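In: mind looking at a prediction? Sequence and model below.
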Amino acid sequence: MSGSGAIWGRRARNVYASLWPAVKAWAGSLPDGVIGYEFFTDVEPDPGAAPGSPQWSEGRPGVTVLERNELVSISVIVTKRHDAS
């Protein structure tokens, strides 16, 4: 992921379950103890997403479909990697 220049996303399967795959993110820096990547992208997030939780869904401009209805990606520049402590 960090070397590919892309971040991938699948359909949410929790309380916020969705029919469409999306790359989901945390706005701003990741809190201590959270595993993930901090990144920048030129791809505009979906309008109307929850505050502080941008996402990029299948069908939006700049979102690449890797597996229809299952897996998407967006181009990113990773600035920081957070590993397990």
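Out: Okay, I see it.
In: pLDDT below threshold where in this protein?
Out: Flagging of the chain using pLDDT under 70 yields the residue ranges 1-3, 15-16, 85.
In: helices of that one, start to end?
Out: Assigned by DSSP state H, the helices in the chain number zero.
In: middle-most residue in it, spatially?
Out: Central residue of the chain (Cα atoms, centre = their mean): V23, 2.7 Å from the mean position.
In: so who does that one touch?
Out: 7-9, 55-56, 63, 72-74 (Cβ atoms under 8 Å, 6 or more residues apart in numbering). Backbone N, C-alpha and C define where each C-beta goes, glycine included.
In: just the buried residues of the residues you listed.
Out: 7, 9, 55-56, 63, 72-74 (16 or more other Cβ atoms under 10 Å).
In: for the closest residue in space to A17 that isn't next to it in sequence, list the residues it contacts.
Out: Leaving aside its sequence neighbours, A17 sits nearest to R11 (Cβ to Cβ, 6 or more residues apart in numbering; 7.4 Å). R11 is in contact with 17-22, 69-70, counting by Cβ under 8 Å, 6+ apart.
In: ok, of the buried ones among the contacts of V23, which one's closest to A84?
Out: Distance to A84, by Cβ to Cβ, is smallest for I7 among the buried ones among the contacts of V23, at 18.5 Å.
In: how near is that closest one to R81?
Out: Distance of I7 to R81, computed by Cβ to Cβ, to the nearest Å: 12 Å.
In: anything in contact with each of these two?
Out: When contacts are counted by Cβ under 8 Å, 6+ apart, I7 and R81 are jointly contacted by Y37.
In: and P45, how many neighbours?
Out: As a burial measure, P45 scores 21 neighbours (other Cβ atoms under 10 Å).
In: that one reaches S53, doesn't it?
Out: No: contact criterion Cβ atoms under 8 Å: P45 and S53 do not qualify, at 9.3 Å.
In: what sits against E44?
Out: Here E44 is in contact with 60-62 (criterion: Cβ under 8 Å, 6+ apart).
In: apply 10 Å and report the result again.
Out: 54, 56, 60-63, 74 (Cβ atoms under 10 Å, 6 or more residues apart in numbering).
In: and those, which two are the farthest apart?
Out: Between any two of these, the greatest separation by Cβ to Cβ is 14.7 Å, found for P54 and P61.
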